[in-house]
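S.K.: got a structure for you, letters missing:
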């Protein structure tokens, strides 16, 4: 019992920065559950990846202006994320057959511009911070801002969940019945950007999309119903965050990649389990 306590509990009981990191990760996991599930249902995984890098130029400008200020990084990231999302949507409407190429171009351009901006004044350490995040360096003020962003996102998303779910399943029906399908799509994109901005400080631009998509993908292996998928995705996200922080602590590994690796492992195990659970055809 003492060995289990020392392995699983002691890091969080002994160090305040571990507790702060865990609380921040739990807040993000609760918000990531519905966002990640809706991203998968809408088949927007690639768009989510692009948006995770779209926040980097603005975050880099915020870094140049105010250093590691969460407010500056978040505001800059949200602005450029919204601009890139609008530009990508406009490009996709002009050239629907070149949609994937356009998304890849925005992905690479955002990443390149962000790295160049950070390199103007920052060091390699600053660049690593922007790319990979530092969840273990989150302080109480940043934790409060993350909690406010996640709570606000969840409350507004809950208020528009029904039309958003209908628009996800049958957008033509929503347009014919009530109109406003494009509005709900735009609102959802803004929620994705807001979630990515909140995740940026913890996981950086390269890994911010991982804790959003991986738990939802793992949850989809166990259930096809939307409500249970959202709840299970949030629970898997919390487990992955907890396991990743322990791996980071005991293995002296970077926290963000460790959390994403834990989420990826859970997804892999869920995928294997789903294969065993799938009923076999008669005669096979």
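M.R.: Great, that's in hand. Please read these numbers as outputs of a predicted model, since none were measured by experiment. Numbering: from 1, shown residues only.
S.K.: Which is the succeeding secondary structure element to the least confident helix or strand in the chain by mean pLDDT?
M.R.: Of the helices and strands making up the chain, the lowest-confidence element is helix 171-177, at a mean of 62, by mean pLDDT, DSSP states H and E. Helices and strands here follow DSSP states H and E; after helix 171-177, the next one along the chain is helix 181-207.
S.K.: what is the mean pLDDT for the helix or strand that that next one is followed by?
M.R.: Counting by DSSP H and E, the next helix or strand C-terminal to helix 181-207 is helix 210-220. Helix 210-220 shows a mean pLDDT of 93.
S.K.: quick check: angle from helix 210-220 to helix 181-207?
M.R.: Relative orientation of helix 210-220 and helix 181-207, computed by axes from the mean of the first three to the mean of the last three Cα atoms, to 10 degrees: 110 degrees.
S.K.: Going forward, the N-terminal residue is numbered 53.
M.R.: All right, first residue 53 from here; so that's helix 262-272.
S.K.: So what touches helix 262-272?
M.R.: By Cβ atoms under 8 Å, 6 or more residues apart in numbering, the residues outside helix 262-272 that reach it are 77, 80-81, 84-85, 87-89, 91-92, 97, 100, 247-248, 251, 255, 280-282, 284-286, 288-289, 292-293, 311-312, 315-316, 318-319, 322-323. Bear in mind the C-beta positions are built from the backbone N, C-alpha and C, glycine included.
S.K.: Return the subset of those lying in helices.
M.R.: The helices, defined by DSSP state H, take in 77, 80-81, 84-85, 87-89, 91-92, 97, 100, 247-248, 251, 255, 280-282, 284-286, 288-289, 292-293, 311-312, 315-316, 318-319, 322-323 from these.
S.K.: are any of the residues you listed buried, and which?
M.R.: Taking 16 or more other Cβ atoms under 10 Å as the criterion, what is buried in the ones in helices among the contacts of helix 262-272 is 77, 80-81, 84-85, 87-89, 91-92, 97, 100, 247-248, 251, 255, 281-282, 284-286, 288-289, 292-293, 311-312, 315, 318-319, 322.
S.K.: any low-confidence regions in this protein?
M.R.: With pLDDT under 70 as the threshold, the chain has low-confidence stretches at 53, 144, 147-152, 222-233, 329-336.
S.K.: neighbouring contacts of the helix or strand harbouring residue 128?
M.R.: Assigning secondary structure by DSSP H and E places residue 128 in helix 122-146. In this structure, residues lying in contact with helix 122-146 by Cβ under 8 Å, 6+ apart are 99, 102-103, 106-115, 117-118, 150-151, 154-155, 158, 162, 193-194, 197-198, 201, 241-242, 245-246, 248-250, 252-253.
S.K.: Drop anything exposed from those residues.
M.R.: When those are checked for burial by 16+ other Cβ under 10 Å, the buried set is 99, 102-103, 106-115, 151, 154-155, 158, 162, 194, 197-198, 201, 241-242, 245-246, 248-250, 252-253.
S.K.: In contact with residue 174, which residues?
M.R.: Residues touching residue 174, when contacts are defined by Cβ under 8 Å, 6+ apart, comprise 115-116, 182.
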